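Peer 1: Dropping the sequence and predicted coords here.
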Protein chains: 2
Amino acid sequence: MQYSKSVSCFRSSAIRDLMSLANRPDIISFAGGMPGNELFPVDDVKYIINHLTPQQWVDAMQYGQTAGYQPLINAITEWLKDKGFPVNNNKVIITTGSLQALNIVGKIFIDPDDTVLTENPSFIGAISAFRSYQAKIDGIKMNADGIIIDELKEKLQTTSPKFLYITPNFHNPAGLTYSAERRQELLEIMKDTNIPIIEDDAYGELLFDTEYKQTIQPLKCNIAHEQQIIYCGSFSKIFGPGLRLGYMLMPNEIFRKAEICKQSMDACTPCISQVLAHQFMTSGKMQKYIEWIRPIYQQRRDDMLAAMKQYFPQEATYVRPHGGFYIWVKMPNGVDETELLKRVIDAGAVFVTGGTFDPEERSNGYMRISYCNTPTDQIDIGIKIIGDTMKQMMK
Amino acid sequence: MQYSKSVSCFRSSAIRDLMSLANRPDIISFAGGMPGNELFPVDDVKYIINHLTPQQWVDAMQYGQTAGYQPLINAITEWLKDKGFPVNNNKVIITTGSLQALNIVGKIFIDPDDTVLTENPSFIGAISAFRSYQAKIDGIKMNADGIIIDELKEKLQTTSPKFLYITPNFHNPAGLTYSAERRQELLEIMKDTNIPIIEDDAYGELLFDTEYKQTIQPLKCNIAHEQQIIYCGSFSKIFGPGLRLGYMLMPNEIFRKAEICKQSMDACTPCISQVLAHQFMTSGKMQKYIEWIRPIYQQRRDDMLAAMKQYFPQEATYVRPHGGFYIWVKMPNGVDETELLKRVIDAGAVFVTGGTFDPEERSNGYMRISYCNTPTDQIDIGIKIIGDTMKQMMK
């Protein structure tokens, strides 16, 4: 058998291995980036399913249009319009999870050996997807306010990137949110190029600290710059990742290419998921659900920050996340994160080492801890395990 | 914006355009390859949904393993084992529709400008998928018994194909079923190469003429050859395409690459679809459903053949399908299929021109008519429209 060159670009299965660890029942897991198992809107789904019309059942079971189930496209378009998105010169395409959205972006822009710019660290799914199209991934460092502009400038001068992929809100894994100034600087720099910006906002609905409400407005809402931006949203954090539902809002010209590309990938996104999501949105259940889960995740963040304050050595530093699922912790000097992980797993907890999120998988002295799928009492126990182990290793 | 080379390989949206036509309410459509709208097992799905356990709900809503929901993998493996498939040196991977399966095959085997062999005509989804990886698609003609062996031999000598893609049972669009002799000849020829065979059996459960039960046994069940074969199955025709569920049975070595590839594509197949399919299979409902729909589709085939006999000119010839969804009709001399299509649409019916299924989209003097999604009374009216129009054009 003679395989393609892509095969050698496949990243080893870091995500899957994480998931395997996260699924062990005897361990306190801060590893996965998944919603809380006990938080899914199961009763809403049951209600919706039992009230579908015969036509909705046909729509759910039959093939659908490639761009998506039109009532859902309409509902998302309205939802985005209400939030200030420019829906007139753009179109919504529904994708099979937001990971498919990144594959569509990869397929329509990347030729082998093309450079793409990401943050460093970056979402591991994006790294895997872009790599699978044989891209060279050039990661740009961040500080607490977002991507470092001087580094971005330099990369724009020294490479010819096909696009820039960023997550300005509640970054995975770095937990940070771009400041308003950084957003503006970024847009000004990018304006002079014709390079598309892929804006991933998978966690955008999960803002805890409401004083940041203005700050987190997506770049795509900036009228002066929006035609350069492909905006990616997801239902994974506000409904359920098992439905595999994401979407993109993109300029009309790119939309057409994305649609043909998706047609060759899976013909259409699962219609049963789309019909459910349409009812979930238009019945008002989704808005209520978001308002219900937001303070629950906020409480978990607060519990984790409190436990870290109590148990972590002062030398472990981090940026307080204003929303989302993650805290990104810089190791105390002398503590190797891989060795820490081994000892922590032995002691009954698990996190993800920072190097996993480096486009070149270099060790970077960080770890990602997720509070999303861990109830409060477990957070305290697990964080104590990590903190105690760190302290032992510092002796 | 600078697009990738793939973009120029995207086929114009033939599938989508077909679907648009097929969705017009005022037309009798023989165009789509979709199950009958009124035949979905909606009551079964409602029953299943209302009897899921809390754990099954979590499994349905949460991220799942990349290779698939383990209970469904186990159920499919048992099902295949009972049918004589070699499940020991092979593994099942669940895919987001069988079109994703073909994308995985494309991604792990095709580099730009590689040749792949298909039948001519071939499944349009396969053509689109392989093209999107910038393959050169070399189509091999068929006669009533299957792919023409001399042509296959010649292609194997003159090209270095990455794989051979075939649909031996109830071919889409050609309606034919490979004879037992042709299957054996094919395997003997391919044995001397190390070229994988992709065997698509999306319609395998829809056998009408039971005397062909032995004939249609998949190539993958042939122990002497099975390690060369990737077998693709689908739930689209036996449950619902809106669930987007397919699977592959593949040698262990290839499985590992397919799994990593899929991980970068969509992380996992929709879990809600997988949980439903697992219950549908293991409760025995799927077997009953298949036994219920099979005679319905058989009746539609018989009705269509009867109407063709009554209304078509004798010069229009075709192979009687033993199962599946399609009849492939050779036009009478002098009847241009594109002109016929225009006139037939004006008169209130629609089919697909044969050239759509040619890897190079050359006009070939055929049409595909599907009986799958058209009730009996409509079949008679629509076939009369086509037959009358043909006769007018022959005058």
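Peer 2: That came through fine.

Peer 1: Which part of the stretch 251-395 of chain A gets nearest to chain B, residue-wise?
Peer 2: Proximity of the stretch 251-395 of chain A to chain B (Cβ to the nearest Cβ) peaks at residue A:271, 3.3 Å away. To be clear about C-beta, it is placed using only N, CA and C from the backbone, and glycine gets the same treatment.

Peer 1: Which pLDDT value goes with that residue?
Peer 2: Note on residue A:271: pLDDT of 98.

Peer 1: Near chain B, which residues of the stretch 101-250 of chain A are found?
Peer 2: Residues of the stretch 101-250 of chain A lying close to chain B (Cβ under 8 Å from any Cβ of the partner chain) are A:103, A:107-112, A:114, A:125, A:128-129, A:131-133, A:162, A:194, A:196, A:236, A:240-244.

Peer 1: Sort out for me which of the residues you listed are in strands.
Peer 2: The strands, defined by DSSP state E, take in nothing from those.

Peer 1: And the next helix or strand past the helix or strand bottoming out on mean pLDDT in chain A?
Peer 2: Taking mean pLDDT, DSSP states H and E as the measure, the helix or strand of chain A with the lowest value is helix A:14-23, at a mean of 55. Counting by DSSP states H and E, the next helix or strand C-terminal to helix A:14-23 is strand A:28-29.

Peer 1: So what touches that following strand?
Peer 2: A:21-22, A:348-350, A:373-374, A:378, A:381-382, A:385 (Cβ atoms under 8 Å, 6 or more residues apart in numbering or on different chains).

Peer 1: how about a cut-off of 10 Å?
Peer 2: Contact with strand A:28-29 is made by A:18-19, A:21-23, A:344, A:347-352, A:369-370, A:373-375, A:377-386, as judged by Cβ atoms under 10 Å, 6 or more residues apart in numbering or on different chains.

Peer 1: How about stretch A:2-11?
Peer 2: Outside stretch A:2-11, the residues touching it (Cβ under 10 Å, 6+ apart) are A:112, A:124, A:127-135, A:356, A:359, A:361, B:106-112, B:114, B:133, B:160, B:162-163, B:194-196, B:254, B:256-261, B:263-264.

Peer 1: Check which residues of it are buried.
Peer 2: For stretch A:2-11, the neighbour count (16 or more other Cβ atoms under 10 Å in any protein chain shown) marks A:3-4, A:6-7, A:9-11 as buried.

Peer 1: Tabulate those residues (TSV), appending pLDDT.
Peer 2: Putting those into TSV (pLDDT from 0 to 100) gives the following:
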residue	pLDDT
A:3	93
A:4	93
A:6	88
A:7	88
A:9	79
A:10	77
A:11	65
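
Peer 1: average model confidence for stretch A:350-359?
Peer 2: Stretch A:350-359 carries an average pLDDT of 92.

Peer 1: That one near chain B at all?
Peer 2: No. Judged by Cβ under 10 Å from any Cβ of the partner chain, stretch A:350-359 and chain B are separated, with a smallest distance of 13.8 Å.

Peer 1: For that stretch, measure first residue to last.
Peer 2: 22 Å (Cα to Cα, to the nearest Å).

Peer 1: ok now that stretch, how far from the chain's centre?
Peer 2: 15 Å (Cα atoms, centre = their mean, to the nearest Å).

Peer 1: returning to what we had before: spatially nearest residue to the residue of the stretch 251-395 of chain A closest to chain B (excluding sequence neighbours)?
Peer 2: Leaving aside its sequence neighbours, residue A:271 sits nearest to residue B:242 (Cβ to Cβ, 6 or more residues apart in numbering or on different chains; 3.3 Å).

Peer 1: ok, that neighbour - contacts?
Peer 2: By Cβ under 10 Å, 6+ apart, residue B:242 lies in contact with A:57-64, A:69, A:268-275, B:34-35, B:40, B:97, B:236, B:273.

Peer 1: redo that, cut-off 8 Å
Peer 2: Applying Cβ under 8 Å, 6+ apart, one finds that residue B:242 lies in contact with A:59-64, A:270-272.

Peer 1: hey, where'd the helices end up in the stretch 1-150 of chain A?
Peer 2: Ranges of helices in the stretch 1-150 of chain A, per DSSP state H, counting those that start in this stretch, are A:5-9, A:14-23, A:42-49, A:54-61, A:70-82, A:97-109, A:124-132, A:149-158.
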